[in-house]
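*Asks:* Build me a structure from this.
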Amino acid sequence: MAASINQNENFEDWCMKYEKVKQLIDEDSPRDPESEPFKSKYAAIEILKKLREEVRSSLPEDDQQNQGVKALLGVIEYQLGTNYIETEEFSTGCEHLNEALGNLRGMRFSPRAVCLSLNTLNQLGILWSQRDEYLMSLEFLTEAADLYKKYHEKDDITPYSIDDLFRSETNVSCEVHRKQEFDRAYTHTLFYLAQVYQNLNKPQKSAQLCHATLLRQLEGKQYESRDWALNCATLSQYYITQRHFTMARHCLASASRVFADLEARGVVTGSQESGLGDDDDDDKVANCKADISRCWTKYCILLLEVSKTASEGGDETVNTMVIDLEEYLTPAKSDVSQNIDGPPDGPPTPADDVKDGAENNDKKLALRFQSLELTDIEEQVTDCIVADYTKAREVFLMAQKHVNIAKEYYCLDGHVSNYIEIVKDVSASYRLLAVFEPDVDRKCKMHKRRIDILQDILKELNVKYFLLECRQLRFELAEVYTEMMGLKIESNSDGDLTVSEHAVKKINSLAKQGIEQFLGFIDLLKDKDKLPATYSDDYVRPALVANFNLGRLYSKIITPDMSVRINNVRKSLEHYQYVVTYCQTHPESREKVKDELDVCESMASLLPARLDQLCNQSR
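*Replies:* You can find the predicted model right below:
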């Protein structure tokens, strides 16, 4: 086939025209003026149209040479399709890509057509994904993945690259380059599949494909360091939601290592191609560094959260599942992963158990980015549930280290929303560390630190522009004061009915500040000074929990003044009754505050008698 095409008297002229097209696309297009951003691409399209007619007119009767010409037409239609898409003519682009597949029908598995077919299917998958037609996108991308795997199973010949089809046999790319291009196209397939599965709400499949993409990029040295590091850190966030802390830590350590190597080189990979200036490069590097640190912070916080639940007797375990990525990494003649669930016949034997254990170890190794030296980074923080203050503090300090790094980029001036989220992470880390601190006074100091940082940021915010954030901060402040009040009551009771005057003042002060913050939160829910008759789904629980806590806080104030005691009981009853009444008129809300509602119903029935008793005593 190759010889027949190369011997065509017009082939050399076609190659020269195709080279001109590539020059317009790759070299001239990035330099097009802003007033004509698609000037070079439009010029390339015109040349491609004329070239298509010339090639079509030479279609021979000989089947072998016919296939060669059809492959050339496939390249032309592919380039037309991608250029129309890049000039935002998506429907026309889609037509040309489908035409390219039509030209390749019956020859997709040939060495000359398989790489072109794979890239065309990828482009169609991307196009349909951009149209939010994810099932259609999935169909094209799955076909692309199958094409790659089946070709490797059936043929050992290295495929030709797309551009090689318009080159003579003596000028085609070397075998190494052609293999890299074919492998890179398949890696892109996996990357696009990961995005589609994410949009189809299949996070596990998406994470599996994302992990495989990162492994292939690293092994093939086909990646931009900044993007790779950020994508790897982002993948860790999936693993921490699955309690797979070992793999989450490994991804974060890998991201940190690749990014550190990038910083050490002082190079922003890909900046030359993108045409970015130095300021843009510096900002992207700083942004990436901050985002990786934020991922580390989330890792530490969730590890402490899981450890807290475990320490309280909850059923929390670390996930040690083995994820099988074999089918995406190394094409093989036989699929050894088909029998990973055990032997097909009979119960497993001890020998089978040993074999399964070895296979699982191999799969764990396959998941690791083995070309990276990560020991020094991974040893900085545990991947196990912590059970005491010393271990918890180590995790806490790791979180604080990365919070400080993130704050270097996400400062209050210019990154308000992100800065607030970081401040809330700091508060969460102190809250969780306090769980493992046995000394009550030290616990209170940690909560006081939370109050200081939350109040500092709240004072800086304009409620008009940051209403949501102000609501969140008010609510959290109220919770901290309530927690501290509970600790003070607990530490001063000691089985004795009397409480010192100093302790009374402290308990009352904390209760009143908690009340102030909860009332402030409720005020922020008002519209034109009036609470909504029905809360939005996001605020049903917070609003009712705030009223529940107000009922508790009013009842905790210690005072000898009978009129104040009566007034506090009335207010307490008012807030308990509010929760009961709202749930009666909105029965769908009952499940959202089930535990709190039980207490509210009980107190709403008991407090009227208590109120009467106090009123009688005051007479």
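
*Asks:* so the residue nearest the centre of the chain is in which element?
*Replies:* With distances taken as Cα atoms, centre = their mean, residue 234 lies nearest the centre of the chain, 4.8 Å away. Secondary structure assignment for residue 234, by DSSP states H and E: helix 225-241.

*Asks:* which element follows that helix toward the C-terminus?
*Replies:* Along the chain past helix 225-241, the next helix or strand (assigned with DSSP H and E) turns out to be helix 245-265.

*Asks:* can you pull the contacts of residue 432?
*Replies:* With contacts taken as Cβ atoms under 8 Å, 6 or more residues apart in numbering, residue 432 has the following neighbours: 301, 304, 305, 307, 308, 392, 396. Quick note: C-beta positions are derived from backbone N, CA and C, even for glycine.

*Asks:* what are the phi and psi angles of the last one?
*Replies:* Residue 396 has phi and psi values of phi -60, psi -50 when expressed as degrees, to the nearest 10.

*Asks:* thought it was touching residue 304?
*Replies:* Yes. The pair residue 396 / residue 304 is scored as a contact, 7.0 Å apart, by Cβ atoms under 8 Å.

*Asks:* Can you work out which residues contact both of the two?
*Replies:* When contacts are counted by Cβ under 8 Å, 6+ apart, the set common to residue 396 and residue 304 consists of 429, 432, 433.

*Asks:* now, which of those residues lie within helices?
*Replies:* Per DSSP state H, helices hold the following members of these: 429, 432, 433.

*Asks:* coming back round to it: quick one, grab the pLDDT at the residue nearest to the centre of the chain.
*Replies:* According to the model's per-residue confidence, residue 234 sits at a pLDDT of 97.

*Asks:* Report the distance from the helix holding residue 234 to the chain centre.
*Replies:* The gap between the average C-alpha position of helix 225-241 and the chain average comes to 7 Å, counting by Cα atoms, centre = their mean, to the nearest Å.

*Asks:* Dump that helix to PDB, keeping only the CA atoms.
*Replies:* C-alpha atoms of helix 225-241 as PDB (Å, rounded to 0.1, in the frame of the first residue of the first chain):
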ATOM      1  CA  SER A 225       5.200  19.400  35.600                       C
ATOM      2  CA  ARG A 226       2.800  22.000  36.900                       C
ATOM      3  CA  ASP A 227      -0.300  20.400  35.500                       C
ATOM      4  CA  TRP A 228       0.800  16.900  36.500                       C
ATOM      5  CA  ALA A 229       1.500  18.000  40.100                       C
ATOM      6  CA  LEU A 230      -1.900  19.700  40.400                       C
ATOM      7  CA  ASN A 231      -3.800  16.800  38.900                       C
ATOM      8  CA  CYS A 232      -2.100  14.400  41.200                       C
ATOM      9  CA  ALA A 233      -2.800  16.500  44.200                       C
ATOM     10  CA  THR A 234      -6.500  16.800  43.100                       C
ATOM     11  CA  LEU A 235      -6.700  13.000  42.700                       C
ATOM     12  CA  SER A 236      -5.700  12.700  46.400                       C
ATOM     13  CA  GLN A 237      -8.900  14.400  47.400                       C
ATOM     14  CA  TYR A 238     -10.900  11.400  45.900                       C
ATOM     15  CA  TYR A 239      -8.800   9.000  47.900                       C
ATOM     16  CA  ILE A 240      -9.300  10.800  51.200                       C
ATOM     17  CA  THR A 241     -13.100  10.700  50.700                       C
END
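
*Asks:* in it, what counts as buried?
*Replies:* Within helix 225-241, the residues that qualify as buried are 225-226, 228-240, counting by 16 or more other Cβ atoms under 10 Å.

*Asks:* Please enumerate the helices of the stretch 151-300 of the chain.
*Replies:* Taking DSSP state H, counting those that start in this stretch to define them, one finds helices in the stretch 151-300 of the chain at 175-199, 203-220, 225-241, 245-265, 271-274, 278-311.
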